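**Q** output the structure for:
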Amino acid sequence: MKDEIRANLLDRLAQGRDRFPGMVGFDETVLPQVERALLAGHDIVLLGERGQGKTRLMRSLVELLDEWTPVVAGCEINDHPYAPVCARCRRLAAELGEELPVAWKHRSERYAEKLATPDTSVGDLVGDVDPIKVAQGRTLGDPETIHYGLVPRANRGIVAINELPDLAERIQVSLLNVLEERDIQVRGYLLRLPLDVLLVASANPEDYTNRGRIITPLKDRFGAEVRTHYPLDLTHELSLLSQEAVLRATVPDHLLEVIARFTRLVRESPAVNARSGVSARFAIAAAETVAASALRRAAITGEDPPVARVSDLPSITQTLRGKVEFEPSEEGREQEILTHLLRRATADTFRARLGGLDLSGLLARFEDGRMVMTGELMPAQEVLAQLGPVSGLAQLLQRVGVREESPGLAAAAVEFAMEGLYLNKRLGKEELDGQTVYGR
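**A** Numbers count the residues shown, from 1 in each chain. From the prediction side, this is the model:
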């Protein structure tokens with residue numbers, strides 16, 4: 001089976017095809033290590049904080065298997081028709097010869113995944129005596145009384161174990177033979193099944209001290225330990241957002257950039273527990289929350305189509321605070337810290353997108369004491385009506401990435417510019433009863 005993966009991986013490398021669909025930001029770091037491990041025929045443990053794509057990476061390995069594989073029909077452990085290993089299939093092969101029934105298994109069925117929990121038993125992973133088969137008349141000495149666990153049932157495939165340190169140490173011992181001798185032992189049976197599996201596990205470094213550890217003999221038998229990481233730069237963070245977030249409303253590019261920058265600032269903040277990390281799901285959930293805020297406004301006000309604006313950003317800090325683990329010394333300041341970091345992300349995005357742009361036309365609209373009120377439930381048309389004609393609006397829209405004009409997108413760009421001017425102390429701002437008023 002590992003030869004099969006090696007051959008398919010070499011073929012994809014030679015053709016320049018995508019080896020791990022859906023993986024973002026790992027091309028120069030993690031994936032070369034995984035490829036070397038697979039070419040060497042090693043079992044792998046992926047080590048990294050939560051939300052770094054470890055499970056997705058494990059599931060993507062299925063694409064390196066042959067699309068269809070022959071198995072003995074009805075076999076619990078996917079025996080090869082030419083080389084059966086279980087007692088049932090050897091008996092059938094001896095009785096039927098060339099008439100041995102064959103089925104074809106798709107590669108998607110050759111992947112088994114188990115979330116390690118403290119209550120996982122040896123029977124779950126390896127197998128145990130099946131009392132029903134004994135009750136049907138078989139003797140305890142009959143190998144066919146065994147109920148196979150997850151690992152032998154994934155024979156000739158990939159076995160993935162999430163959060164391996166959560167397995168009790170005595171349960172981890174049951175995997176030692178699988179990794180080294182490539183067989184299993186069930187209770188007192190003289191049973192040796194030469195298993196053909198690739199074992200891939202994931203672990204969080206924090207778990208080594210908080211919830212458990214990978215026992216030394218088991219850790220030694222993994223051929224490769226690969227460290228994963230969060231997106232290393234902003235472009236990868238944005239690519240991940242675009243790929244994963246399911247948005248029910250339009251979220252302009254500049255707001256997605258604010259969310260990506262905000263996520264990175266939260267990860268780097270000394271107020272946040274670095275060992276726990278900030279999952280990529282934080283940014284994804286933030287983008288979906290902002291889109292949901294715009295969708296809610298559209299339903300209440302009749303705005304169509306719904307477009308997210310800066311006034312929707314505060315919903316992030318209100319609903320996603322529980323996804324971040326803060327240092328104990330920051331207890332009670334969580335909302336304040338997130339609000340501050342969100343403002344920094346907005347200011348950084350403003351400088352990156354609109355730095356050097358002449359916004360005097362927008363500022364001129366406030367010279368006569370005019371004020372513009374906006375907020376989560378303020379329709380885009382009303383925001384634009386308060387401003388009136390703005391000189392240089394086309395250049396503003398172009399710089400924030402708006403390719404086709406609409407009231408919603410125009411209001412989103414103008415509101416972003418007003419917030420940036422406020423954060424750079426060129427415009428005043430006051431927040432009253434859920435509404436925001438900009439003025440000089």
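
**Q** other SSEs contacting the strand or helix carrying H254?
**A** Applying DSSP states H and E as the criterion places H254 in helix 253-268. When contacts are defined as 3 or more C-beta pairs under 8 Å, 6 or more residues apart in numbering; DSSP states H and E, helix 253-268 packs onto helix 234-244, helix 280-301, helix 334-354, helix 407-423. Quick note: C-beta positions are derived from backbone N, CA and C, even for glycine.

**Q** right, and those - which one's nearest D119?
**A** helix 280-301 (25.5 Å; C-beta to C-beta).

**Q** what packs against that closest one?
**A** For helix 280-301, the packing partners by 3+ C-beta pairs under 8 Å, 6+ apart are helix 234-244, helix 253-268, helix 314-319.

**Q** low-confidence ranges in the stretch 1-150 of the chain?
**A** The stretch 1-150 of the chain contains residues with pLDDT under 70 at 130-145.

**Q** ranges for the helices of it?
**A** 2-15, 30-40, 54-60, 87-96, 122-125, 131-135, 150-153 (DSSP state H, counting those that start in this stretch).

**Q** before we move on, the earlier item: could the helices and strands packed on helix 253-268 go into CSV alongside distance to L362, mean pLDDT and mean neighbour count?
**A** Formatted as CSV, the helices and strands packed on helix 253-268 follow (distance: least, C-beta to C-beta, whole Å; pLDDT from 0 to 100; neighbours: other C-beta atoms under 10 Å):
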stretch, distance to L362, mean pLDDT, mean neighbour count
helix 234-244, 26, 95, 17
helix 280-301, 22, 96, 20
helix 334-354, 10, 96, 18
helix 407-423, 6, 95, 23
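
**Q** quick check: which of the ones you listed is nearest to L39?
**A** Closest approach to L39 among the helices and strands packed on helix 253-268 (C-beta to C-beta): helix 234-244, 25.2 Å.

**Q** kindly calculate the angle that that closest one makes with helix 334-354.
**A** Interaxial angle, helix 234-244 versus helix 334-354 (axes from the mean of the first three to the mean of the last three C-alpha atoms, to 10 degrees): 110 degrees.

**Q** what does the helix or strand containing A160 contact?
**A** Per DSSP H and E: A160 is located in strand 157-162. Contacts to strand 157-162, defined as C-beta atoms under 8 Å, 6 or more residues apart in numbering, come from residues 1, 54-55, 58-59, 61-62, 65, 78, 109-116, 150-151, 167, 197-202.

**Q** and the next helix or strand past that strand?
**A** helix 169-172.

**Q** what does that following helix contact?
**A** For helix 169-172, the external contacting residues (C-beta under 8 Å, 6+ apart) are T120, S121, V122, L125, L164, G212, R213, I214, I215, L218.

**Q** from those residues, which single one is nearest L338?
**A** The shortest gap between L338 and any of the contacts of helix 169-172 belongs to G212, at 31.1 Å (C-beta to C-beta).

**Q** hmm, back to that, now list the buried members of the contacts of helix 169-172.
**A** Listed as buried from the contacts of helix 169-172 are T120, V122, L125, L164, G212, R213, I214, I215, L218; burial here means 16 or more other C-beta atoms under 10 Å.

**Q** for the first one, phi and psi?
**A** In this case it means T120. When read as degrees, to the nearest 10, the backbone of T120 gives phi -60, psi 140.

**Q** the helices of the stretch 1-150 of the chain: which one's closest to E405?
**A** Comparing the helices of the stretch 1-150 of the chain against E405 with C-beta to C-beta, the closest turns out to be helix 54-60 (37.5 Å).

**Q** for that closest one, name the packing helices and strands.
**A** If contacts are counted by 3+ C-beta pairs under 8 Å, 6+ apart, helix 54-60 sits against strand 44-47, strand 111-115, strand 157-162, strand 197-203.

**Q** now could you export just the CA positions of that helix as PDB?
**A** Output in PDB follows, covering the C-alpha atoms of helix 54-60 (Å, rounded to 0.1, in the frame of the first residue of the first chain):
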ATOM      1  CA  LYS A  54      -3.800  18.800  10.400                       C
ATOM      2  CA  THR A  55      -7.000  16.900   9.900                       C
ATOM      3  CA  ARG A  56      -7.500  18.300   6.400                       C
ATOM      4  CA  LEU A  57      -3.900  17.300   5.500                       C
ATOM      5  CA  MET A  58      -4.500  13.800   6.700                       C
ATOM      6  CA  ARG A  59      -7.700  13.500   4.700                       C
ATOM      7  CA  SER A  60      -6.000  14.800   1.600                       C
END
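
**Q** pull the contacting residues for S108.
**A** With contact set as C-beta under 8 Å, 6+ apart, S108 has these partners: V62.

**Q** gap between it and V197?
**A** Here the distance between S108 and V197 works out to 16 Å (C-beta to C-beta, to the nearest Å).

**Q** just L241 next, same as before
**A** For L241 relative to V197 (C-beta to C-beta), the value is 35 Å.
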